[in-house]
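>>> Starting from these lines, generate the structure:
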Amino acid sequence: MLTRLDGQVALVTGSTSGIGLGIARELVGSGARVILNGIEAAAMGDEIAREFGKDAVYLHADLSRTDAIVTLMAAAEAAFGRLDILVNNAGIQHVAPLAAFPPEKYDLIIALNQSSVFHTTRLALPMMRKLARGRIINIASAHGLVASPFKSAYVAAKHAVVGLTKVTALETAEENITANTICPGYVLTPLVEAQIDAQAKAHGIAREAVIRDVLLAQQPNKKFATVAEIGALCVFLASDAAASITGAALPVDGGWTAH
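The predicted model follows:
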């Protein structure tokens, strides 16, 4: 019962596919009501929300824009009258050498992957303080702890998210509000599936070789994490069982950052 979330409300950004949707499913399965978010058309978002019945609503928002975040957070509180759990999951990626990295891409990645976490957090804290309880869970990456070439914006943003989470944890340490970061390695999502097929075709190698020798080269266990695993960890961190865990950056990376 310590990990049940009955009666609680969670906002999961970037939750209409992949990791975010998996997190939403696990939260609803543990009794929470969920506010889904994405940039899809309302009809598509509403269709996804219907999977959860009365326990979910969809709110469109482009989280690269501060004004859109302000609107989203107000609508999130209005949806169910409270906000207990914030999961910052929205993000994008672009790969290029530093000298050739498009500045507009860099700025967009910082805005969406990093600045949006600041804005949702600052707006969520007053709601959580009214409840005298809250859980903030930021989905960073193994790249929030280590770096790889050609991912300057993503690595910078994810390192910043880990740091911001620690600051949030320290500022709320006596308020029954926790803040933690989950740092996944490669997670098997439809997007990653497409990357596997594209790499296999481009290099003329077997799918299994792409998985083991390209994508999972840095993961010692040579296995993808699943969206259900990430979702289950979110449920735990959102629950009373994790009341004393705050300011942590928790790798789910098959040993990648143990190197």
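>>> rest of the way, CA atoms for contacts and neighbours
Fine.
>>> Could you look up the SS state of the nearest residue to residue 154 once chain neighbours are set aside?
Using CA to CA, 6 or more residues apart in numbering and skipping the chain neighbours, the partner closest in space to residue 154 is residue 93 (6.2 Å). Under DSSP: H, G, I helix; E, B strand; the rest coil, residue 93 falls in the coil class.
>>> what's the neighbour count on residue 93?
Using other CA atoms under 10 Å, residue 93 has 14 other residues around it.
>>> Look through this protein and tell me its longest helix.
helix 152-171 (DSSP state H).
>>> Identify each buried residue in it, please.
Residues 152-166, 168-169 are the ones in helix 152-171 that count as buried (16 or more other CA atoms under 10 Å).
>>> before we move on, back to that, before we move on, could you check phi and psi at the residue nearest to residue 154?
The phi and psi values for residue 93, taken as degrees, to the nearest 10, are phi -140, psi 150.
>>> cool, residue 233 as well?
With angles defined as degrees, to the nearest 10, residue 233 sits at phi -70, psi -40.
>>> Quick check: it vs residue 190, distance?
Look at residue 233 and residue 190: by CA to CA, to the nearest Å, they are 20 Å apart.
>>> Go ahead and name everything in contact with the helix or strand of the chain with the lowest mean pLDDT.
Using mean pLDDT, DSSP states H and E, the weakest-scoring helix or strand in the chain turns out to be helix 42-50, at a mean of 82. Where contact means CA atoms under 8 Å, 6 or more residues apart in numbering, the residues beyond helix 42-50 that reach it are 16, 36-38, 56-60.
>>> Which single one of these is nearest to residue 195?
Nearest to residue 195 out of these is residue 16 (CA to CA; 19.0 Å).
>>> sorry, back to before: just checking, next helix/strand downstream of the least confident helix or strand of the chain?
Sequence-wise, the next helix or strand downstream of helix 42-50 (DSSP states H and E) is strand 56-60.
>>> buried sites along the next helix or strand after that next one?
Once the chain leaves strand 56-60, the next helix or strand it forms, by DSSP H and E, is helix 66-80. Within helix 66-80, the residues scored as buried using 16+ other CA under 10 Å are 66, 69-70, 72-73, 76-77, 79-80.
>>> again with stretch 124-131
Those would be 124-125, 127-129, for stretch 124-131 by 16+ other CA under 10 Å.
>>> what's next to the helix or strand residue 128 falls within, contact-wise?
When elements are assigned from DSSP H and E, residue 128 belongs to helix 116-131. Applying CA under 8 Å, 6+ apart, the external contacts of helix 116-131 come out as 63-66, 69-70, 73, 77, 82-84, 86, 88, 134, 136, 138, 161, 164, 175, 177.
>>> Burial check on residue 113, number of neighbours?
29.
>>> quick one: contacts for residue 144?
By CA under 8 Å, 6+ apart, the contact list for residue 144 reads 155-162, 183.
>>> now do residue 227
18-19, 22-23, 187-189.
>>> Give the buried subset of the residues you listed as a ChimeraX selection command.
Restricted to buried positions by 16+ other CA under 10 Å, the ChimeraX selection for the contacts of residue 227 reads:
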select :18,19,22,23,187,189
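>>> got a markdown table for the contacts of residue 227, with secondary structure and distance to residue 51 too?
Shown next, in a markdown table, are the contacts of residue 227 (DSSP: H, G, I helix; E, B strand; the rest coil; distance: CA to CA, whole Å):
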| residue | secondary structure | distance to residue 51 |
| --- | --- | --- |
| 18 | helix | 15 |
| 19 | helix | 16 |
| 22 | helix | 12 |
| 23 | helix | 14 |
| 187 | strand | 23 |
| 188 | coil | 21 |
| 189 | coil | 19 |
